[in-house]
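[1] Okay, sequence plus prediction incoming.
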Amino acid sequence: MNLVEEYIQMQDPLHMPYLHKFYHFIQDLMPSQAEETIKYGIPTFVCKKNIVHFGAFKNHIGFFPSAEGIEAFKDEIKGYKTSKGTIHFPYSDDLPWDLIRRIVMFRLNQENCEKSS
């Protein structure tokens, strides 16, 4: 079991399936040189620099794509609670998978860390 899986196992059992799906979705988008770790107490994907973080909270999953990621998609995330570098996805809502994919790809491109073909 890796650090991210250990983190997920320590969360509310009701949230674990949600977190597993979120984790594996992002993991599949990462290039082979990306690393997974825990930073700031939450799962983090790193490729040269931090790409995205996510974390379990009482009523939502926090997705941290950096302030630049928030700014670049500000019109598309208007329906979600946000802060300077975080989007809150309520556990009760379906996840916007296409939006999450585009944000992750934006961050990978921004850090010049893309999947090789």
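    In hand now; what should we look at? Since the model is a prediction, treat every value here as computed from it, not as a measurement.
[2] Please count neighbours and contacts with C-alpha atoms only from this point.
    Noted.
[3] ok, residue 31 touching residue 113?
    Yes - taking Cα atoms under 8 Å as the definition, residue 31 is a contact partner of residue 113 at 7.3 Å.
[4] which non-adjacent residue is nearest residue 19?
    Nearest residue to residue 19 in three dimensions, chain neighbours excluded: residue 8, at 6.6 Å (Cα to Cα, 6 or more residues apart in numbering).
[5] ok so, going back, please identify which of residue 31 and residue 113 sits among more neighbours.
    Neighbour comparison, residue 31 and residue 113: the larger count goes to residue 113, with 20 against 15 (by other Cα atoms under 10 Å).
[6] next one: phi and psi at the spatially closest residue to that one that is not a sequence neighbour?
    Sequence neighbours aside, residue 47 is the residue nearest to residue 113 in space, at 6.2 Å (criterion: Cα to Cα, 6+ apart). Backbone torsions for residue 47, taken as degrees, to the nearest 10, come to phi -150, psi 100.
[7] Ok, residue 3 next?
    According to degrees, to the nearest 10, residue 3 has phi -60, psi -40.
[8] circling back to that earlier point, my read is that the residue nearest to residue 19 contacts residue 18, right?
    No - assessed by Cα under 8 Å, residue 8 is found out of contact with residue 18, at 9.7 Å.
[9] quick one on the thing from earlier: kindly tell me how buried the residue nearest to residue 19 is, as a neighbour count.
    Neighbourhood size, residue 8 [other Cα under 10 Å]: 21.
[10] Quick check: the gap between it and residue 43.
    Using Cα to Cα, to the nearest Å, we find residue 8 at a distance of 9 Å from residue 43.
[11] What of residue 99?
    In this view, residue 99 and residue 43 are 19 Å apart by Cα to Cα.
[12] ok, those two, which is more surrounded?
    More neighbours surround residue 43 than the other of residue 99 and residue 43, with 22 against 13 (other Cα under 10 Å).
[13] Identify the residues contacting whichever strand or helix holds that one?
    Residue 43 belongs to strand 42-47 when assigned by DSSP states H and E. By Cα atoms under 8 Å, 6 or more residues apart in numbering, the residues outside strand 42-47 that reach it are 3-4, 7, 33-38, 50-55, 108, 111, 113.
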